[in-house]
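Enquirer: give me the fold of what follows.
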Amino acid sequence: MGEIVTFAANGGTSSGYLARPGGGSGKGVIVIQEWWGLNDNIKGIADRFAAEGFVALAPDVYNGKVTTEPDEAGKLLMALNIPETEKTLRGAITHLKELTGGPVGTVGFCMGGALSLFAACKADGDVGACVDFYGGHPAVTYDWDGLTAPVLGIWAEHDDFVNPNVPRYEQELSARGKQYEFITYPGTSHAFFNDEHADVYNPAAAADAWQKTLAHYRAHL
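Expert: This next block holds a predicted model:
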């Protein structure tokens, strides 16, 4: 359904996977990868957004690197240059805003969830709605004061990597009067949305989280 496109970023160009709805136009959503890279799973999620009427762009923040090995994925995550990634995400947001004519949404999973919230905090009003699926990255910090988009945070009940940070997120958002909704799905583990990993995939929770994500964008974009 989609295609690889390039967009201006970092003083040059970056690439990503762009999926359009059947009618060719719609609200824009930036889809940000897990630590595995821009793989078929993330492209498939972009396609799912397109099937729901959105224009979805998944930027390649690893510049072509993809892995299925957890050890290598961890190394790629830790090696991620956050300032450069910010510019890549900024370029993707600008490109998608130009294509769609309005503020865009951001969504990401695991590492991408952290980058979704990170991008929304840096977007200068160009992000109209943010969704964070159990996001975490040890080098990412958030400019809470810069956040203007309403946030939907989706968490797993059993997630020692991410959950210790969630109360602080709530405190920071509440202290600034930011609009947010946090949902924790009982009986789930980190990455429960990823249907390529049968050991953690939770179909019922994933289906509900998907519908809530669509509703969040339809309400705010």
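Enquirer: in stretch 93-112, what's buried?
Expert: Residues of stretch 93-112 classed as buried by neighbour count (16 or more other C-beta atoms under 10 Å): 93-97, 99-100, 103-112. (C-beta placed from N, C-alpha, C; glycine too.)
Enquirer: and if you look at stretch 172-179?
Expert: Buried residues in stretch 172-179 (16+ other C-beta under 10 Å): 173, 178.
Enquirer: spit out the contact partners of the spatially most central residue of the chain.
Expert: The residue lying closest to the centre of the chain (C-alpha atoms, centre = their mean) is residue 108, at 1.9 Å. By C-beta atoms under 8 Å, 6 or more residues apart in numbering, the contact list for residue 108 reads 31, 32, 33, 114, 115, 116, 117, 131, 132, 133, 135.
Enquirer: which one of those residues is nearest to residue 67?
Expert: residue 33 (11.3 Å; C-beta to C-beta).
Enquirer: mind checking what helix or strand follows whatever helix or strand residue 56 lives in in sequence?
Expert: Element membership for residue 56, per DSSP states H and E: strand 55-59. Per DSSP H and E, the first helix or strand lying C-terminal to strand 55-59 is helix 70-79.
Enquirer: just the C-alpha atoms of that next one, please, in CSV.
Expert: Taking Å, rounded to 0.1, in the frame of the first residue of the first chain, the C-alpha atoms of helix 70-79 are listed here in CSV:
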residue,chain,number,x,y,z
PRO,A,70,17.4,-8.3,20.9
ASP,A,71,21.1,-7.7,21.7
GLU,A,72,21.6,-5.9,18.4
ALA,A,73,18.4,-3.9,18.9
GLY,A,74,19.6,-2.8,22.3
LYS,A,75,22.8,-1.6,20.8
LEU,A,76,21.0,0.3,18.1
LEU,A,77,18.8,1.9,20.7
MET,A,78,21.7,3.0,22.9
ALA,A,79,23.6,4.3,19.9
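Enquirer: residues contacting it, please?
Expert: With C-beta under 8 Å, 6+ apart as the test, helix 70-79 has contacts from 34, 35, 36, 37, 62, 65, 67, 111, 137, 138, 139.
Enquirer: which residue comes closest to residue 50 once chain neighbours are left out?
Expert: Nearest non-adjacent residue to residue 50, counting by C-beta to C-beta, 6 or more residues apart in numbering: residue 19, 3.8 Å away.
Enquirer: and the one you found, backbone torsions?
Expert: Backbone torsions of residue 19, given as degrees, to the nearest 10, read phi -120, psi 130.
Enquirer: which elements pack onto the strand ranked longest in the chain?
Expert: Identified as the longest strand of the chain according to DSSP state E is strand 180-189. With contacts taken as 3 or more C-beta pairs under 8 Å, 6 or more residues apart in numbering; DSSP states H and E, strand 180-189 sits against strand 151-158, helix 166-175, helix 203-220.
Enquirer: which among the contacts of helix 70-79 end up buried?
Expert: For these, buried by 16+ other C-beta under 10 Å: 34, 35, 36, 37, 62, 67, 111, 137.
Enquirer: and the furthest pair within these?
Expert: Maximum distance among these (C-beta to C-beta): 16.5 Å, for 67 and 137.
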